[in-house]
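[1] build me a structure from this.
(chains A and B)
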Protein chains: 2
Amino acid sequence: MPAYALFYFNGRGRAEVLRMLFAMADVKYTDKRIEFNDWEKYKKDMPSLTVPVLDIDGKNKMPETMAIARFLAREFGLYGKTNMDMFRIDYICDCLYEIMHDYMRYFHEKDGRFRVSQTGTSGNANPNNMTVELHRCYMDTCRRVLPFLERTLESRNNGNQYFMGDQIMLCDVMCYAFLENSFNENQAMFTSYPKLMGLRTKVAAHPKISAYLKKRPTSNW
Amino acid sequence: MPAYALFYFNGRGRAEVLRMLFAMADVKYTDKRIEFNDWEKYKKDMPSLTVPVLDIDGKNKMPETMAIARFLAREFGLYGKTNMDMFRIDYICDCLYEIMHDYMRYFHEKDGRFRVSQTGTSGNANPNNMTVELHRCYMDTCRRVLPFLERTLESRNNGNQYFMGDQIMLCDVMCYAFLENSFNENQAMFTSYPKLMGLRTKVAAHPKISAYLKKRPTSNW
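    You can find the predicted model right below:
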């Protein structure tokens, strides 16, 4: 087994799905959590100046959340067998990624650390307005994507098992991890998506995931 | 061979890479181009209320640009063989997607059709400011990602062939299609990335691609 190291900030954010995949497969890795104050020190060593990054055997750092997720899912047998299965898993993942990506843009703008807007530029948009706009953009994505995901889940086994049927796959783990901030922020929104909520409960009850969730560091994002 | 139909607007945008994959593989499909004026009529039939969408045999409409691209690339043998090959192809594609996604957000804001900002909401950011901010965000992504892609290309065969070596793959076609608007808008920026520019020239010279580029409808985005 290669020596894996995962670089990300000290939060769940984009990396939590990767940590959950390692947990599910019972594969050891170094969970390198970078504090925001130390980011400038690490940034220049990250291939595209951002995280998550996966390092394999200390030789090669590779970026991009979903490329890492897909690599691990293939490695751990969580990506389906036929091209049509992989297509279905991919579009479910990409829909969930749209929500997460828009959430993270909004979150970082509000939080102020990695703002889209920049006070003092010629644009000079009010950062508060930008937070409002990015939150609205994120909510639009939720309203557009979540009903489709609910129907997609329902289309197999009446939505009472996993997205692909009776086997847990990458897209199910993503449904837990990538909707976690959204769910914590606005539980009322999710009452319209009972099958997705049921799926998240099932994923959390998976023995390996459940053990991981109990022992993981707490963070508010 | 299944009956493929690709739904997108009457522009290159996010769908052009998919059209180029069909062209490379010499596979017939219906290129369904929706005029903006007709969008409301079509929108409700799209699974997540957006395009691109791929329809297979008129039975199942499936969304998400990159899920469609990966499905076609696997179908047409443009996705590598080993998990590490697919990882490399995936992170190159995801980097290019970051640029395209930020470009399209900026483009639609400027164009005014699918704005992120919304005049008259409580946020009420000045749309012109939003265009400036989204353009800056897009340029930040270019400056962060393009040097990494240039180095990645250079790491095999000195960057004089394709990203994976001597075989053209999904990521090379994406490098042509997803940088096309960026290149047209700001050619000066790309003088810093001669290997990427060389790769785009090589992709355009591929016999099937070259024939496609000559006969495709012209559009300004």
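
[2] center of chain A - which residue?
    Nearest to the geometric centre of chain A sits A:F178, at 3.8 Å (C-alpha atoms, centre = their mean).

[3] which residues touch that residue?
    Counting by C-beta atoms under 8 Å, 6 or more residues apart in numbering or on different chains, A:F178 makes contact with A:V17, A:L96, A:Y97, A:I99, A:M100. No exception for glycine: its C-beta is placed from N, CA and C like everyone else's.

[4] do A:R143 as well
    Counting by C-beta under 8 Å, 6+ apart, there are no residues that A:R143 touches.

[5] only the buried residues of the helix or strand containing it, if you could.
    Assigned by DSSP states H and E, A:R143 belongs to helix A:127-154. Neighbour-count burial for helix A:127-154, with 16 or more other C-beta atoms under 10 Å in any protein chain shown as criterion, is recorded at A:127, A:129-139, A:141-142, A:144-150, A:152-153.

[6] what subset of these is also close to chain B?
    A:N129, A:M130, A:V132, A:E133, A:L134, A:R136, A:C137, A:R144, A:V145, A:F148, A:T152 (C-beta under 8 Å from any C-beta of the partner chain).

[7] of all these, which comes closest to B:P47?
    A:F148 (5.1 Å; C-beta to C-beta).

[8] which residue packs closest to that closest one, ignoring adjacent ones?
    Excluding its sequence neighbours, the residue lying closest to A:F148 (C-beta to C-beta, 6 or more residues apart in numbering or on different chains) is B:S48, at 4.2 Å.

[9] and that neighbour, what pLDDT?
    Per-residue pLDDT puts B:S48 at 97.

[10] touching, it and A:C142? I think so.
    No - here B:S48 does not reach A:C142: they are 11.2 Å apart, not a contact under C-beta atoms under 8 Å.

[11] okay, now A:E16: neighbour count?
    24 (other C-beta atoms under 10 Å in any protein chain shown).

[12] what of the one 5 residues further on?
    By the other C-beta under 10 Å criterion, the neighbourhood of A:L21 contains 24 residues.

[13] give me every residue that touches it.
    Counted by C-beta under 8 Å, 6+ apart, A:L21 has contacts A:A69, A:L72, A:A73, A:F76, A:L78, A:L170, A:V173.

[14] any of those buried? List them.
    A:A69, A:L72, A:A73, A:L78, A:L170, A:V173.

[15] what ranges do the helices span in chain A?
    A:16-25, A:39-43, A:65-75, A:83-111, A:127-154, A:170-177, A:180-185, A:194-205, A:207-215 (DSSP state H).

[16] tell me the most buried of the ones you listed?
    Using mean count of other C-beta atoms under 10 Å in any protein chain shown, the stretch among those with the largest mean neighbour count is helix A:170-177, at a mean of 26.

[17] might one say that A:R14 is in contact with A:M104?
    Yes - using C-beta under 8 Å, A:R14 makes contact with A:M104 at a distance of 6.5 Å.

[18] tell me how far the closest residue to A:R115 other than its chain neighbours lies from B:M189.
    Nearest residue to A:R115 in three dimensions, chain neighbours excluded: A:E109, at 5.2 Å (C-beta to C-beta, 6+ apart). As judged by C-beta to C-beta, to the nearest Å, A:E109 and B:M189 stand 25 Å apart.

[19] repeat that for A:C175.
    38 Å.

[20] same check on A:A205?
    Counting by C-beta to C-beta - A:A205 and B:M189 are separated by 50 Å.

[21] how about A:N157?
    Taken as C-beta to C-beta, the span from A:N157 to B:M189 is 50 Å.

[22] what is the burial count for A:M1?
    Around A:M1 there are 7 residues (other C-beta under 10 Å).

[23] correct me if wrong: it contacts A:A25.
    No - if you go by C-beta under 8 Å, A:M1 and A:A25 don't touch, sitting 10.0 Å apart.

[24] for A:Y176, give me the pLDDT.
    A:Y176 is given a pLDDT of 98.

[25] sorry, that was for A:A125
    51.

[26] how many other residues sit next to A:Q187?
    10.

[27] could you measure from it over to A:L149?
    17 Å.

[28] what of A:P2?
    A:P2 sits at a distance of 33 Å from A:L149 (criterion: C-beta to C-beta).

[29] and the lowest-mean-pLDDT helix or strand in chain A, how far out from the chain's middle?
    Ranking every helix and strand in chain A by mean pLDDT, DSSP states H and E puts helix A:127-154 at the bottom, with a mean of 92. Mean-position distance between helix A:127-154 and its chain equals 15 Å (C-alpha atoms, centre = their mean, to the nearest Å).
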